[in-house]
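J.: from the sequence below, what's the structure:
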Amino acid sequence: MYQALYRKWRPKTFADVVGQEHITETLQRQVAEGRLSHAYLFTGTRGTGKTTCAKILARAVNCEHPENGNPCNRCPSCLGIESGRLLDVVELDAASNNGVDSVRALRDEAIYSPAQVKKRVYIVDEVHMLSKQAWNVLLKTVEEPPTHVKFIFATTEPDKVIGTIRSRTHHYPFRLVPQEVMGPYLEEICAKESIKPEPGVLKLAMRAGGGSVRDSLSVLDQLMVGAVDG
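T.: Reported below is the predicted structural model:
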């Protein structure tokens, strides 16, 4: 079965993430030195690596054989988190689970030590979508979290995240990837896929992607499929 390029080549380590070295190098160093925050806020345009970095960080802090701050991606913890089998690492989409009941369940669960890994990690995507009541429930846990808990919040609209939460997180703004970085990356993906794009295809993919790695790869996918079909 064909797998979309952005899924097939989703970064597995911090070094694999494109155009966000100001963030990935810091996170990798924090993991290697054991100087992690209890809560992070990843902000930026869609497709720039927020959720990807959150997943890498979740694996890195729980990896049984970390490699200079990166997850090994081979140990049972890494493989279990990657597959979604481990219940100690939870991904919550606030766009569809923004009510107080979802957050209350998260809060009640957070007090328990993780069963299978070192740290219980909560990744909350589009966190700005949480209701006011949900924020109020979450705030106490973020202010005084158990030592075994890490929060990673991701959002495209940081201004809608309440100030009390922003002030209690380490904020990392993800940037749009410039063409001088995106171009060589797309060329590398094409080489790995044994794809020989027609002249101008990569520029078109970059222009349509608008600095988003995921969108650029999706457009490249569509252009290549169209070329094959044609």
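J.: tell me the gap between the helix ranked longest in the chain and the middle of its chain.
T.: Looking across the chain with DSSP state H, the single longest helix is helix 213-229. In terms of Cα atoms, centre = their mean, to the nearest Å, the centre of helix 213-229 is set 22 Å apart from its chain centre.
J.: again with stretch 188-197
T.: That offset, for stretch 188-197, works out to 25 Å (Cα atoms, centre = their mean).
J.: now do the end-to-end distance for that stretch.
T.: Counting by Cα to Cα, to the nearest Å, you get 12 Å between the two ends of stretch 188-197.
J.: which strand or helix spans the residue positioned nearest the centre of the chain?
T.: Compute the mean C-alpha point of the chain, and by Cα atoms, centre = their mean the closest residue is T51, 1.8 Å away. Assigned by DSSP states H and E, T51 belongs to helix 50-62.
J.: angle of that helix against helix 213-229?
T.: Interaxial angle, helix 50-62 versus helix 213-229 (axes from the mean of the first three to the mean of the last three Cα atoms, to 10 degrees): 120 degrees.
J.: in terms of secondary structure, what does helix 50-62 contact?
T.: helix 21-33, strand 39-43, helix 76-83, strand 120-125, strand 149-155 (3 or more Cβ pairs under 8 Å, 6 or more residues apart in numbering; DSSP states H and E). For the C-beta atoms, the positions are set from N, CA and C on the backbone; glycine is no exception.
J.: spatially nearest residue to P145, not counting backbone neighbours?
T.: Distances taken as Cβ to Cβ, 6 or more residues apart in numbering put H38 closest to P145, at 4.8 Å, once the chain neighbours are dropped.
J.: enumerate every residue touching the one you found.
T.: Each residue near H38 by Cβ atoms under 8 Å, 6 or more residues apart in numbering is listed here: 142, 145, 149-151.
J.: give me the buried positions along the helix or strand harbouring V142.
T.: Per DSSP H and E: V142 is located in helix 132-143. Using 16 or more other Cβ atoms under 10 Å as the burial criterion, the residues of helix 132-143 that qualify are 134-135, 137-139, 141-142.
J.: need those residues in JSON lines with pLDDT, can you?
T.: Output for the buried residues of helix 132-143, formatted as JSON lines (pLDDT from 0 to 100):
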{"residue": "A134", "pLDDT": "89"}
{"residue": "W135", "pLDDT": "88"}
{"residue": "V137", "pLDDT": "88"}
{"residue": "L138", "pLDDT": "88"}
{"residue": "L139", "pLDDT": "88"}
{"residue": "T141", "pLDDT": "87"}
{"residue": "V142", "pLDDT": "90"}
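J.: ok, those residues vs V17, which is closest?
T.: Here the nearest of the buried residues of helix 132-143 to V17, counting by Cβ to Cβ, is V142; it sits at 25.2 Å.
J.: isn't that closest one up against I152?
T.: No - look at V142 against I152 with Cβ atoms under 8 Å: they stay out of range, at 11.5 Å.
J.: low pLDDT regions in the protein?
T.: 1, 226-230 (pLDDT under 70).
J.: could I get the buried residue list for the helix or strand containing K203?
T.: Secondary structure from DSSP H and E places K203 in helix 201-209. By neighbour count on 16+ other Cβ under 10 Å, the buried set for helix 201-209 is 201-202, 205-206, 209.
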